[in-house]
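Visitor: Could you look at this predicted model? Sequence included:
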Amino acid sequence: MGKYKSIAVIYGSDTLEWEISCRSGQYVASGIDKEAYDVYEVFARFGKWSLVSSCVSGGERVEFPEDARPEIDKNDFSVAVDGGKIKFDYAFIVQHGAPGETGQLQGYLEMLRVPYSTCSAFVSAVAFDKYACKRFIEGGNHVGLAGDALVVRGMDVERTSEDLVKKLGLPLFVKPSAGGSSFGITKVKTASQMPDALRLALKEGETAIVEQALTGREFTCAVYFDGSGPCALPVCEIISENEYFDYDAKYNGLSREECPADAPVEMTEHIQSVSERIYTRLGCRGLVRFDYIYAEDGLYFLETNTIPGMTAVSLMPKMLAAAGISPKDFFTVIIENS
């Protein structure tokens, strides 16, 4: 018998990533051990939380009609079904973007003292902001960091663009500092492209990060807590058909992932070791994925994903398969060690 019984898998989000989040959440819900846990799928978007389905006592999944889904009572994280009240005693968060990846949902659950699957509210907030996360880990001397600058909405875009090109050179990547799934990203090759790139990134949030473009091989490595310490999964290499790993490359088949990566053992072990050290330095919990570029002069950190994609075409299922771990066993480890 596990520590928990009623597992709420929360998916959907308040951002453009909500549909991807639904696909990830459904994958997770389908993989959780139904003999050990009662699994409830919760769709949450813009403050409206409703029960999509339930699977109780190892039985069949029962889906509720979209126009008759029971509403979640956020006062105590419960739901009324068939005249009875179910109080969820664990939350498996699969919300890409806000509020699940920003720390807001974690803060709510922490106030209710409901255990959950991800990093704490504070760590989630830091990790979700690319600029803040780089500042948090740079003192550890674990990995290289590309030169960067922060741009805040309201700054003079034209003047700022000119200053940044002079300071950082070209080419540059311009990204929303707090965002995911490659929305709002531009690779800037000429100075004339910079103002529009900043405007696009700032449509996604209050801040944008401008980074020197790196050339090299792109790798990703996920780490989870296995009950005794951080444990790195096999390293994947991402080979995009596009110029970089953009939305189409991620979700529309325009990339190839080699997992485990076809790279020297020393290189992959170095990436795994660095990932475990960053996981510890940030104070991570649950499953976290770290992205890198291996350039001629060494390994460079790109970003942290505290709720990595879990769709059928995502990197995480490939890493688990390469490690010889079934989704059912893996999700049990995450739940029981939260």
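Guide: Received the coordinates, thanks.
Visitor: CA atoms for contacts and neighbours, from now on please.
Guide: Fine.
Visitor: in this protein, what secondary structure element scores lowest on mean pLDDT?
Guide: Least confident helix or strand of the chain, by mean pLDDT, DSSP states H and E, is helix 247-251 with a mean of 48.
Visitor: how about the helix or strand just after it: buried residues?
Guide: The C-terminal neighbour of helix 247-251 among helices and strands, as given by DSSP states H and E, is strand 255-258. By neighbour count with 16 or more other Cα atoms under 10 Å, strand 255-258 contains the buried residues 255, 257-258.
Visitor: again, but for stretch 150-163
Guide: 150-151, 157, 161.
Visitor: phi, psi of the closest residue to residue 56 other than its chain neighbours?
Guide: Distance criterion Cα to Cα, 6 or more residues apart in numbering; nearest residue to residue 56, sequence neighbours excluded, is residue 38 at 4.6 Å. Main-chain torsions, residue 38, degrees, to the nearest 10: phi -90, psi 130.
Visitor: Next: residue 115.
Guide: Per-residue torsions, residue 115: phi -70, psi 150 (degrees, to the nearest 10).
Visitor: Pull the contacting residues for it.
Guide: 89-91, 109, 338 (Cα atoms under 8 Å, 6 or more residues apart in numbering).
Visitor: cool, and residue 336?
Guide: Residue 336 touches 2-4, counting by Cα under 8 Å, 6+ apart.
Visitor: For those, pick the one with the most neighbours.
Guide: Compared across the contacts of residue 336, residue 4 has the highest neighbour count, 16 neighbours, by other Cα atoms under 10 Å.
Visitor: re earlier: look up how far residue 50 lies from the residue nearest to residue 56.
Guide: With the distance defined as Cα to Cα, to the nearest Å, residue 38 ends up 17 Å from residue 50.
Visitor: One more: residue 306?
Guide: The value you get for residue 306 to residue 50, if Cα to Cα is used, is 24 Å.
Visitor: Give me the more crowded residue out of those two.
Guide: Taking neighbours as other Cα under 10 Å, residue 306 and residue 50 compare with residue 306 leading, 28 against 21.
Visitor: So that one is in contact with residue 291, correct?
Guide: No. Contact criterion Cα atoms under 8 Å: residue 306 and residue 291 do not qualify, at 11.4 Å.
Visitor: got any residues that touch both of these two?
Guide: Common neighbours of residue 306 and residue 291 (Cα under 8 Å, 6+ apart) do not exist.
Visitor: Report the outermost residue of this structure with respect to its centre.
Guide: Going by Cα atoms, centre = their mean, the residue of the chain most distant from its centre is residue 83, 36.4 Å out.
Visitor: okay, now residue 144: neighbour count?
Guide: 18.
Visitor: can you give me phi and psi for the nearest residue to it once chain neighbours are set aside?
Guide: Ranked by Cα to Cα, 6+ apart and with sequence neighbours excluded, the top spatial neighbour of residue 144 is residue 300, at 4.3 Å. The phi/psi pair for residue 300 (degrees, to the nearest 10) reads phi -120, psi 140.
Visitor: Relative to residue 36, how far out is residue 300?
Guide: Distance of residue 300 to residue 36, computed by Cα to Cα: 41 Å.
Visitor: Could you do residue 284 as well?
Guide: Distance from residue 284 to residue 36, by Cα to Cα: 26 Å.
Visitor: ok, back up a step: return the member of the buried residues of strand 255-258 nearest to residue 56.
Guide: Comparing these against residue 56 with Cα to Cα places residue 257 closest, at 36.0 Å.
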